[in-house]
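Asker: give the three-dimensional model of this entry:
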Amino acid sequence: MSMFKINLRELAKKPNLLLPGHRLCAGCGAPIVVKQVLMATRGPTIVVNATGCLEVATTIYPYSAWNLPWIHVAFENAAAVASGIEAAFKALKRKGRMKYEHIDVIAFGGDGGTYDIGIQALSGAFERGHDFLYVLYDNEAYMNTGIQRSGGTPMGAATTTTPAGTVIPGKKEHKKPIAEIAVAHKIPYVATATPAHFIDLMRKARKGIEVNGPAFIHAFSPCPRGWRMPGELTIEISKIAVDTCYFPLWEYENGVWKLTDRSLAIAKNPKLKKPIEEFLKLQGRFRHLFKPENQKIIREIQEYVDLVWEDLKERCENI
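Answerer: This next block holds a predicted model:
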(Lines give C-alpha, C1' and ligand atoms only; values in the text may rest on other atoms or scores of the structure.)
Protein backbone atom coordinates (compact mmCIF):
# COMPACT_ATOMS: atom_id res chain seq x y z
CA MET A 1 0.00 0.00 0.00
CA SER A 2 1.30 3.42 -0.98
CA MET A 3 2.40 5.68 1.88
CA PHE A 4 2.25 8.76 -0.37
CA LYS A 5 0.79 11.69 1.57
CA ILE A 6 -0.58 14.66 -0.33
CA ASN A 7 0.41 17.94 1.29
CA LEU A 8 -0.45 20.83 -1.01
CA ARG A 9 2.13 23.10 0.61
CA GLU A 10 4.87 20.54 0.01
CA LEU A 11 3.67 19.81 -3.51
CA ALA A 12 3.91 23.53 -4.30
CA LYS A 13 7.67 23.30 -3.63
CA LYS A 14 8.22 20.55 -6.21
CA PRO A 15 9.68 21.71 -9.52
CA ASN A 16 7.30 21.88 -12.47
CA LEU A 17 8.04 18.92 -14.70
CA LEU A 18 5.76 20.21 -17.45
CA LEU A 19 6.60 23.88 -17.88
CA PRO A 20 4.37 26.78 -18.93
CA GLY A 21 4.59 27.96 -22.51
CA HIS A 22 3.39 24.84 -24.29
CA ARG A 23 0.96 25.30 -27.20
CA LEU A 24 -1.89 23.07 -26.02
CA CYS A 25 -5.32 24.67 -26.39
CA ALA A 26 -6.80 26.71 -23.57
CA GLY A 27 -8.86 24.36 -21.43
CA CYS A 28 -7.19 21.19 -22.72
CA GLY A 29 -7.42 18.43 -20.12
CA ALA A 30 -4.17 16.72 -21.14
CA PRO A 31 -1.62 19.10 -19.55
CA ILE A 32 -3.68 19.21 -16.34
CA VAL A 33 -3.61 15.41 -16.15
CA VAL A 34 0.10 15.30 -16.94
CA LYS A 35 1.02 17.91 -14.31
CA GLN A 36 -0.98 16.09 -11.64
CA VAL A 37 0.58 12.73 -12.51
CA LEU A 38 4.09 14.20 -12.46
CA MET A 39 3.46 15.80 -9.07
CA ALA A 40 3.15 12.25 -7.73
CA THR A 41 6.58 11.10 -8.92
CA ARG A 42 9.02 9.84 -6.29
CA GLY A 43 12.40 10.52 -7.90
CA PRO A 44 14.23 10.16 -11.23
CA THR A 45 11.62 9.71 -13.95
CA ILE A 46 11.61 9.19 -17.70
CA VAL A 47 8.54 10.00 -19.77
CA VAL A 48 7.63 8.22 -22.99
CA ASN A 49 5.13 10.09 -25.17
CA ALA A 50 3.22 8.66 -28.11
CA THR A 51 2.54 10.91 -31.08
CA GLY A 52 -0.50 13.10 -30.50
CA CYS A 53 -1.68 16.48 -29.26
CA LEU A 54 0.42 16.27 -26.11
CA GLU A 55 3.62 15.51 -27.99
CA VAL A 56 3.13 17.97 -30.82
CA ALA A 57 2.12 20.96 -28.70
CA THR A 58 4.77 20.57 -25.98
CA THR A 59 7.78 20.23 -28.26
CA ILE A 60 7.53 22.73 -31.08
CA TYR A 61 11.12 22.91 -32.34
CA PRO A 62 13.42 24.19 -30.96
CA TYR A 63 11.55 24.35 -27.65
CA SER A 64 10.32 21.79 -25.13
CA ALA A 65 7.98 22.15 -22.16
CA TRP A 66 9.31 18.96 -20.54
CA ASN A 67 11.57 19.49 -17.54
CA LEU A 68 12.71 15.87 -17.30
CA PRO A 69 14.04 13.16 -19.65
CA TRP A 70 11.40 12.71 -22.37
CA ILE A 71 11.17 10.51 -25.45
CA HIS A 72 8.81 10.97 -28.37
CA VAL A 73 7.92 7.69 -30.03
CA ALA A 74 5.58 6.62 -32.80
CA PHE A 75 1.81 6.54 -32.43
CA GLU A 76 1.70 2.78 -31.91
CA ASN A 77 4.64 1.87 -29.70
CA ALA A 78 4.76 3.94 -26.51
CA ALA A 79 4.29 0.83 -24.36
CA ALA A 80 6.96 -1.06 -26.29
CA VAL A 81 9.52 1.73 -25.84
CA ALA A 82 8.63 2.08 -22.14
CA SER A 83 9.16 -1.69 -21.83
CA GLY A 84 12.59 -1.43 -23.40
CA ILE A 85 13.66 1.41 -21.12
CA GLU A 86 12.49 -0.48 -18.04
CA ALA A 87 14.27 -3.66 -19.16
CA ALA A 88 17.49 -1.73 -19.82
CA PHE A 89 17.47 -0.22 -16.34
CA LYS A 90 16.94 -3.65 -14.80
CA ALA A 91 19.92 -4.97 -16.72
CA LEU A 92 22.11 -2.06 -15.61
CA LYS A 93 21.02 -2.60 -12.00
CA ARG A 94 21.94 -6.29 -12.14
CA LYS A 95 25.39 -5.31 -13.38
CA GLY A 96 25.86 -2.74 -10.61
CA ARG A 97 25.91 0.14 -13.06
CA MET A 98 22.83 1.95 -11.76
CA LYS A 99 23.24 4.58 -9.04
CA TYR A 100 19.49 4.97 -8.41
CA GLU A 101 17.28 2.57 -6.48
CA HIS A 102 14.35 3.45 -8.74
CA ILE A 103 14.00 5.12 -12.09
CA ASP A 104 10.31 5.43 -12.82
CA VAL A 105 9.03 5.11 -16.36
CA ILE A 106 5.74 6.77 -17.29
CA ALA A 107 4.15 6.52 -20.73
CA PHE A 108 1.49 8.98 -21.92
CA GLY A 109 -0.78 8.25 -24.86
CA GLY A 110 -4.05 9.57 -26.19
CA ASP A 111 -7.07 7.48 -27.02
CA GLY A 112 -5.99 6.92 -30.62
CA GLY A 113 -2.57 5.70 -29.50
CA THR A 114 -4.09 3.51 -26.78
CA TYR A 115 -7.55 2.20 -27.68
CA ASP A 116 -6.64 1.56 -31.30
CA ILE A 117 -3.18 1.96 -32.78
CA GLY A 118 -1.20 1.22 -29.61
CA ILE A 119 -3.26 -1.56 -28.02
CA GLN A 120 -1.06 -4.35 -29.41
CA ALA A 121 2.12 -2.95 -27.81
CA LEU A 122 0.22 -2.16 -24.61
CA SER A 123 -1.22 -5.66 -24.32
CA GLY A 124 2.19 -7.18 -24.95
CA ALA A 125 3.81 -5.03 -22.26
CA PHE A 126 1.10 -6.04 -19.78
CA GLU A 127 1.55 -9.72 -20.61
CA ARG A 128 5.32 -9.51 -20.13
CA GLY A 129 4.92 -7.73 -16.79
CA HIS A 130 7.09 -4.67 -17.39
CA ASP A 131 7.24 -2.28 -14.44
CA PHE A 132 5.94 1.08 -15.71
CA LEU A 133 2.89 3.31 -15.52
CA TYR A 134 0.83 3.91 -18.65
CA VAL A 135 -1.47 6.95 -18.56
CA LEU A 136 -4.20 7.26 -21.17
CA TYR A 137 -5.39 10.85 -21.54
CA ASP A 138 -8.74 10.21 -23.18
CA ASN A 139 -10.12 13.10 -25.25
CA GLU A 140 -12.36 10.66 -27.08
CA ALA A 141 -11.23 11.17 -30.70
CA TYR A 142 -8.16 11.61 -32.91
CA MET A 143 -7.99 15.30 -32.06
CA ASN A 144 -4.48 16.02 -33.36
CA THR A 145 -5.33 14.95 -36.92
CA GLY A 146 -8.77 16.46 -37.34
CA ILE A 147 -11.26 15.09 -34.78
CA GLN A 148 -11.81 11.64 -36.30
CA ARG A 149 -13.64 8.98 -34.28
CA SER A 150 -11.67 6.46 -32.22
CA GLY A 151 -12.45 3.42 -30.12
CA GLY A 152 -12.83 5.88 -27.26
CA THR A 153 -15.46 8.06 -28.93
CA PRO A 154 -18.83 7.69 -27.21
CA MET A 155 -22.10 6.80 -28.91
CA GLY A 156 -23.82 9.76 -30.52
CA ALA A 157 -20.77 12.02 -30.70
CA ALA A 158 -20.29 13.97 -33.91
CA THR A 159 -16.78 13.78 -35.36
CA THR A 160 -15.40 14.46 -38.83
CA THR A 161 -15.73 10.74 -39.66
CA THR A 162 -19.04 10.26 -37.83
CA PRO A 163 -20.88 13.45 -38.79
CA ALA A 164 -24.33 14.06 -37.38
CA GLY A 165 -26.85 13.76 -40.19
CA THR A 166 -30.33 12.48 -40.88
CA VAL A 167 -29.15 8.94 -41.66
CA ILE A 168 -26.39 8.49 -39.06
CA PRO A 169 -26.68 10.84 -36.05
CA GLY A 170 -23.09 10.64 -34.86
CA LYS A 171 -21.09 7.57 -33.84
CA LYS A 172 -23.21 4.41 -33.68
CA GLU A 173 -21.07 2.42 -31.24
CA HIS A 174 -20.30 2.76 -27.52
CA LYS A 175 -16.79 3.37 -26.15
CA LYS A 176 -14.45 0.42 -25.88
CA PRO A 177 -14.06 -0.53 -22.17
CA ILE A 178 -10.32 0.07 -22.21
CA ALA A 179 -9.74 0.03 -18.43
CA GLU A 180 -11.59 -3.29 -18.13
CA ILE A 181 -9.45 -4.64 -20.97
CA ALA A 182 -6.41 -3.68 -18.88
CA VAL A 183 -7.91 -5.45 -15.85
CA ALA A 184 -8.43 -8.58 -17.98
CA HIS A 185 -4.63 -8.82 -18.27
CA LYS A 186 -4.50 -9.33 -14.47
CA ILE A 187 -1.95 -6.58 -14.01
CA PRO A 188 -1.42 -5.27 -10.45
CA TYR A 189 -3.07 -1.86 -10.79
CA VAL A 190 -5.73 -0.19 -12.97
CA ALA A 191 -7.64 3.00 -12.20
CA THR A 192 -9.78 5.75 -13.67
CA ALA A 193 -9.30 9.44 -12.87
CA THR A 194 -10.21 12.99 -13.89
CA PRO A 195 -8.35 16.32 -13.59
CA ALA A 196 -11.21 17.66 -11.45
CA HIS A 197 -10.62 15.05 -8.72
CA PHE A 198 -6.94 15.89 -8.42
CA ILE A 199 -6.15 14.30 -5.06
CA ASP A 200 -7.73 11.06 -6.25
CA LEU A 201 -5.67 11.25 -9.45
CA MET A 202 -2.37 11.94 -7.69
CA ARG A 203 -2.90 9.10 -5.23
CA LYS A 204 -3.65 6.72 -8.05
CA ALA A 205 -0.64 7.89 -10.04
CA ARG A 206 1.64 7.26 -7.06
CA LYS A 207 0.14 3.80 -6.55
CA GLY A 208 0.73 3.03 -10.20
CA ILE A 209 4.32 4.22 -9.95
CA GLU A 210 5.07 2.25 -6.78
CA VAL A 211 3.42 -1.03 -7.73
CA ASN A 212 5.73 -3.82 -8.89
CA GLY A 213 4.62 -4.45 -12.45
CA PRO A 214 2.47 -2.74 -15.07
CA ALA A 215 -0.07 -0.09 -14.06
CA PHE A 216 -2.69 1.65 -16.16
CA ILE A 217 -4.62 4.87 -15.51
CA HIS A 218 -7.52 5.88 -17.73
CA ALA A 219 -7.72 9.67 -17.33
CA PHE A 220 -10.67 11.70 -18.57
CA SER A 221 -9.34 14.58 -20.70
CA PRO A 222 -11.85 17.12 -22.06
CA CYS A 223 -11.04 18.70 -25.43
CA PRO A 224 -12.72 22.10 -25.97
CA ARG A 225 -11.99 22.03 -29.71
CA GLY A 226 -13.25 18.52 -30.41
CA TRP A 227 -16.09 18.55 -27.90
CA ARG A 228 -17.23 22.03 -29.02
CA MET A 229 -17.34 23.44 -25.53
CA PRO A 230 -15.92 26.53 -23.80
CA GLY A 231 -12.44 25.95 -22.41
CA GLU A 232 -13.42 27.22 -18.99
CA LEU A 233 -15.81 24.24 -18.56
CA THR A 234 -13.09 21.57 -18.53
CA ILE A 235 -13.16 20.96 -14.79
CA GLU A 236 -16.95 21.33 -14.58
CA ILE A 237 -17.50 18.77 -17.33
CA SER A 238 -15.05 16.41 -15.63
CA LYS A 239 -17.13 16.64 -12.46
CA ILE A 240 -20.40 16.09 -14.34
CA ALA A 241 -18.94 13.08 -16.16
CA VAL A 242 -18.45 11.47 -12.75
CA ASP A 243 -21.75 12.70 -11.27
CA THR A 244 -23.71 11.17 -14.17
CA CYS A 245 -21.72 7.94 -13.86
CA TYR A 246 -20.63 8.37 -17.47
CA PHE A 247 -17.05 8.17 -16.15
CA PRO A 248 -17.01 6.49 -12.70
CA LEU A 249 -13.94 6.70 -10.48
CA TRP A 250 -12.61 3.30 -9.44
CA GLU A 251 -9.45 1.28 -8.97
CA TYR A 252 -8.48 -2.35 -9.32
CA GLU A 253 -5.61 -3.24 -7.02
CA ASN A 254 -4.24 -6.78 -6.85
CA GLY A 255 -7.58 -8.33 -7.72
CA VAL A 256 -9.77 -6.05 -5.60
CA TRP A 257 -12.19 -3.54 -7.15
CA LYS A 258 -13.02 -0.31 -5.27
CA LEU A 259 -14.99 2.81 -6.02
CA THR A 260 -13.19 6.02 -5.09
CA ASP A 261 -13.89 9.67 -4.32
CA ARG A 262 -17.20 11.03 -5.67
CA SER A 263 -18.26 7.71 -7.22
CA LEU A 264 -18.15 6.03 -3.83
CA ALA A 265 -20.36 8.79 -2.44
CA ILE A 266 -22.85 8.32 -5.30
CA ALA A 267 -22.97 4.57 -4.72
CA LYS A 268 -23.80 5.16 -1.07
CA ASN A 269 -26.34 7.89 -1.88
CA PRO A 270 -27.96 7.26 -5.31
CA LYS A 271 -29.79 10.61 -5.10
CA LEU A 272 -26.47 12.26 -6.02
CA LYS A 273 -26.49 10.61 -9.45
CA LYS A 274 -27.42 13.01 -12.28
CA PRO A 275 -29.07 12.16 -15.62
CA ILE A 276 -26.81 11.81 -18.66
CA GLU A 277 -28.40 14.89 -20.29
CA GLU A 278 -26.45 17.04 -17.80
CA PHE A 279 -23.23 15.81 -19.40
CA LEU A 280 -24.40 15.82 -23.02
CA LYS A 281 -26.00 19.27 -23.10
CA LEU A 282 -22.75 21.13 -22.39
CA GLN A 283 -21.03 19.86 -25.55
CA GLY A 284 -21.68 20.82 -29.15
CA ARG A 285 -20.72 17.35 -30.38
CA PHE A 286 -23.98 16.08 -28.84
CA ARG A 287 -26.20 19.03 -29.79
CA HIS A 288 -28.04 17.05 -32.49
CA LEU A 289 -29.16 14.45 -29.96
CA PHE A 290 -31.60 16.95 -28.45
CA LYS A 291 -33.67 17.08 -31.63
CA PRO A 292 -37.00 15.24 -31.18
CA GLU A 293 -36.09 12.51 -33.68
CA ASN A 294 -32.88 11.66 -31.76
CA GLN A 295 -34.22 11.52 -28.20
CA LYS A 296 -34.15 7.72 -28.36
CA ILE A 297 -30.35 7.86 -28.63
CA ILE A 298 -30.13 9.78 -25.36
CA ARG A 299 -32.31 7.12 -23.75
CA GLU A 300 -30.05 4.40 -25.16
CA ILE A 301 -26.95 6.15 -23.82
CA GLN A 302 -28.61 6.48 -20.39
CA GLU A 303 -29.52 2.79 -20.36
CA TYR A 304 -25.95 1.85 -21.25
CA VAL A 305 -24.45 4.14 -18.59
CA ASP A 306 -26.81 2.69 -15.99
CA LEU A 307 -25.97 -0.88 -17.00
CA VAL A 308 -22.20 -0.28 -16.76
CA TRP A 309 -22.63 1.54 -13.43
CA GLU A 310 -24.64 -1.29 -11.87
CA ASP A 311 -22.15 -3.85 -13.13
CA LEU A 312 -19.27 -1.84 -11.65
CA LYS A 313 -20.98 -1.56 -8.26
CA GLU A 314 -21.41 -5.33 -8.14
CA ARG A 315 -17.67 -5.79 -8.61
CA CYS A 316 -16.57 -3.28 -6.00
CA GLU A 317 -16.01 -4.47 -2.45
CA ASN A 318 -16.18 -1.18 -0.54
CA ILE A 319 -19.82 -0.15 -0.96
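Asker: just the mean pLDDT for stretch 5-23, thanks.
Answerer: Averaged over stretch 5-23, pLDDT sits at 87.
Asker: tell me where the chain has helices.
Answerer: For the chain, the helices identified by DSSP state H occupy 8-11, 29-38, 53-58, 78-94, 119-128, 178-184, 198-210, 224-227, 234-243, 261-268, 277-280, 295-315, in order along the chain.
Asker: and the fifth one, which residues are buried?
Answerer: Read that as helix 119-128. Neighbour-count burial for helix 119-128, counted by 16 or more other C-beta atoms under 10 Å, picks out 119, 121, 122, 125, 126. Any C-beta I mention is one placed from the backbone N, CA and C, and that applies to glycine too.
Asker: closest to residue 43 among the residues you listed?
Answerer: Of all these, residue 43 sits closest to residue 125, with 21.9 Å by C-beta to C-beta.
Asker: ok, the closest one to residue 143 distance?
Answerer: As for residue 125, its distance to residue 143 is 24 Å (criterion: C-beta to C-beta, to the nearest Å).
Asker: same thing with residue 12?
Answerer: Separation of residue 12 from residue 143 (C-beta to C-beta): 31 Å.
Asker: residue 47 now?
Answerer: 20 Å.
Asker: what's near enough to touch the residue most central in space within the chain?
Answerer: Among the residues of the chain, residue 219 comes closest to the average C-alpha position under C-alpha atoms, centre = their mean, at 2.1 Å. Each residue near residue 219 by C-beta atoms under 8 Å, 6 or more residues apart in numbering is listed here: 29, 33, 37, 135, 136, 137, 138, 192, 193, 194, 195, 201.
Asker: hmm, try it at 6 Å
Answerer: When contacts are counted by C-beta atoms under 6 Å, 6 or more residues apart in numbering, residue 219 is found next to 33, 135, 137, 193.
Asker: now render those as TSV, adding distance to residue 312.
Answerer: Formatted as TSV, the contacts of residue 219 follow (distance: C-beta to C-beta, whole Å):
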residue	distance to residue 312
33	22
135	21
137	21
193	15
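Asker: report the two of the residues you listed separated the most.
Answerer: For these, the maximum inter-member distance is 10.1 Å, found between 137 and 193 (C-beta to C-beta).
Asker: ok, and what's touching stretch 247-260?
Answerer: Applying C-beta under 6 Å, 6+ apart, the contact partners of stretch 247-260 are 183, 188-192, 200, 220, 241-242, 261, 263, 267, 312, 315-318.
Asker: against residue 268, how distant is residue 311?
Answerer: Residue 311 sits 18 Å away from residue 268 when distances are taken as C-beta to C-beta.
Asker: please read the previous query as pertaining to residue 74.
Answerer: Plainly put, residue 74 is 44 Å away from residue 268 if you go by C-beta to C-beta.
Asker: could you do residue 220 as well?
Answerer: Using C-beta to C-beta, one obtains 22 Å as the distance from residue 220 to residue 268.
Asker: can you check residue 159 too?
Answerer: Residue 159 sits 36 Å away from residue 268, taking C-beta to C-beta as the criterion.
Asker: which of those two has more neighbours?
Answerer: Taking other C-beta atoms under 10 Å, residue 159 and residue 268 do not tie; residue 159 has more neighbours (21 against 11).
Asker: can you get me a residue count around the nearest residue to residue 102 once chain neighbours are set aside?
Answerer: Computed as C-beta to C-beta, 6 or more residues apart in numbering, the closest residue to residue 102 that is not its neighbour in sequence is residue 43, at 5.8 Å. The burial count assigned to residue 43 is 10, neighbours taken as other C-beta under 10 Å.
Asker: ditto for residue 274
Answerer: Using other C-beta under 10 Å as the criterion, the residues surrounding residue 274 number 16.
Asker: distance check, it against residue 285.
Answerer: Distance from residue 274 to residue 285, counting by C-beta to C-beta: 19 Å.
Asker: give the buried residues for stretch 124-142.
Answerer: For stretch 124-142, the neighbour count (16+ other C-beta under 10 Å) marks 125-126, 130-142 as buried.
Asker: tell me which entries of these lie within strands.
Answerer: For the buried residues of stretch 124-142, membership in strands holds for 133, 134, 135, 136, 137, 138, with DSSP state E as the criterion.
Asker: and those as JSON lines, adding pLDDT?
Answerer: As requested, these are exported to JSON lines (pLDDT from 0 to 100):
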{"residue": "133", "pLDDT": "98"}
{"residue": "134", "pLDDT": "98"}
{"residue": "135", "pLDDT": "98"}
{"residue": "136", "pLDDT": "98"}
{"residue": "137", "pLDDT": "98"}
{"residue": "138", "pLDDT": "98"}
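Asker: in a markdown table: these, plus distance to residue 226.
Answerer: Supplementary listing: those in a markdown table, determined by distance: C-beta to C-beta, whole Å:
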| residue | distance to residue 226 |
| --- | --- |
| 133 | 25 |
| 134 | 22 |
| 135 | 19 |
| 136 | 16 |
| 137 | 13 |
| 138 | 12 |
